[in-house]
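Engineer: Need coordinates for the following:
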Amino acid sequence: MAIAASRPLDMPRQQAFWLLHLAGWSAYFAQGCLYAVAHGKPSGYWVVPLTAATTGAVVTLGLRYLLRACWGLPPRRLLAVMVPAILVSSAVIDFVTREALVDFCETCRPTTRLEFIAYSLGYIYVVLAWVGAYMGIKYYRQLQGETERALAARSMAHQAQLKMLRYQLNPHFLFNTLNAISTLILDRDNATANRMVQSLSSFLRHSLDNDPMQRVTLRQELDALTLYLDIEKIRFAERLRIETAIDEDCWRALLPSLLLQPWSRTPSSTPSPSRSPAACCASKPNATASNWCCA
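Structural biologist: Here you go, the predicted model:
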């Protein structure tokens, strides 16, 4: 709540508008009272700034609805609509306020048409300030909404990439594994074939059961990778040698589920003595996927 109160633009739209609207006209009333005190006005003169602030708050509400209705217009048409509305709003505020002012200043009532026009423009700067603030905040919130939608689209694209990685099974891996099982059955090596089927079943179950959007620890990821490598070890036998050298600080590193499995396909499918052993490292015990690496 404290954060929301200190950042009114992050509040819900209606709540933010009324907070800023009432606060602005209250500040205008307070400024009018200070002006009256500074210039030695009578004690009841506070009625004049109160009338001006109240009338201004009501009139600018009408401008708000007009702006909302005309917001999608081109700039020139919007300007053509708003200029007369601003002039009329200034004239209305001056007319109502002057009715209260003449009780303290008998010479303040306009006597000629030119004076009436001049007086009617007396509050135009206040109305222009309100319109400028309203449009600026509205543009800011519109830009903020577009930014949030862009971030959401980027997040959805990232999730789609992870899910694509998650559900992507190497066709060669499945073909080679099933072909190896078939060969073992033909050779009547039923024990090895049964062990490979169980390993394949465990790996597929793990790949389908885990949520790809949830991060897992490196230990959990290596446990899943072991299910995959167990199948490859049966296929390649002594030709495949697996060594792990992992720092203790790496075990709690967080990473997306099954991230290492595609990386392990190339060395396992084409083993070569020239390949260097795999290594994982992390910069600190509570490292995340952004600060750990594999090579």
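Engineer: What helix or strand is Val37 located in?
Structural biologist: Take DSSP states H and E as the rule and Val37 turns out to sit in helix 13-38.
Engineer: Can you point out the buried residues in that helix?
Structural biologist: Residues of helix 13-38 classed as buried under the neighbour-count rule (16 or more other C-beta atoms under 10 Å) are Ala16, Phe17, Leu20, His21, Gly24, Trp25, Tyr28, Phe29, Gly32, Cys33, Ala36. Where you see a C-beta, it was placed from the backbone N, CA and C, and this is true even at glycine.
Engineer: Repeat that for stretch 97-110.
Structural biologist: Thr97, Arg98, Ala100, Leu101.
Engineer: On the three-state scheme, Asp103 is what?
Structural biologist: coil (DSSP: H, G, I helix; E, B strand; the rest coil).
Engineer: What are the neighbouring residues in contact with it?
Structural biologist: Val47 (C-beta atoms under 8 Å, 6 or more residues apart in numbering).
Engineer: Return the distance of it relative to Gly136.
Structural biologist: 37 Å (C-beta to C-beta, to the nearest Å).
Engineer: give the contact list for Gly122.
Structural biologist: Neighbours of Gly122 in contact, by C-beta under 8 Å, 6+ apart: Ser90, Asp94.
Engineer: and Val216, that's in a helix?
Structural biologist: No - under three-state DSSP, Val216 falls outside any helix and is assigned strand.
Engineer: I'd assumed Trp251 was in contact with it.
Structural biologist: No - using C-beta atoms under 8 Å, Val216 is not in contact with Trp251, being 11.5 Å away.
Engineer: and those two? which has more neighbours close in?
Structural biologist: Taking other C-beta atoms under 10 Å, Val216 and Trp251 do not tie; Val216 has more neighbours (20 against 15).
Engineer: Could you find the closest non-adjacent residue to Pro42?
Structural biologist: Nearest non-adjacent residue to Pro42, counting by C-beta to C-beta, 6 or more residues apart in numbering: Phe104, 6.0 Å away.
Engineer: OK, contacts around the one you found?
Structural biologist: Phe104 touches Lys41, Pro42, Gly44, Tyr45, Val48, counting by C-beta under 8 Å, 6+ apart.
Engineer: The residues you listed in helices, which ones?
Structural biologist: Among those, DSSP state H puts Val48 in helices.
Engineer: Closest one of the contacts of Phe104 to Phe116?
Structural biologist: The closest of those to Phe116 turns out to be Val48 (C-beta to C-beta; 18.5 Å).
Engineer: rewinding a little: would you turn the buried residues of helix 13-38 into TSV with pLDDT and distance to Glu148?
Structural biologist: Shown next, in TSV, are the buried residues of helix 13-38 (pLDDT from 0 to 100; distance: C-beta to C-beta, whole Å):
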residue	pLDDT	distance to Glu148
Ala16	86	16
Phe17	88	19
Leu20	91	21
His21	92	24
Gly24	92	26
Trp25	93	30
Tyr28	92	33
Phe29	93	36
Gly32	89	39
Cys33	90	41
Ala36	86	45
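Engineer: Could you work out the most separated pair of those?
Structural biologist: Ala16 and Ala36 (30.8 Å).
Engineer: Just send the buried residues of stretch 97-110 back as a markdown table, with secondary structure too.
Structural biologist: What follows is the buried residues of stretch 97-110, written out as a markdown table (three-state DSSP):
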| residue | secondary structure |
| --- | --- |
| Thr97 | helix |
| Arg98 | helix |
| Ala100 | helix |
| Leu101 | helix |
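Engineer: Name the nearest of these relative to Ile242.
Structural biologist: For the buried residues of stretch 97-110, with Ile242 as the reference and C-beta to C-beta as the criterion, the closest is Thr97, at 86.1 Å.
Engineer: which residue sits closest to that closest one, ignoring its sequence neighbours?
Structural biologist: That would be Ala52: by C-beta to C-beta, 6+ apart, it lies 4.3 Å from Thr97.
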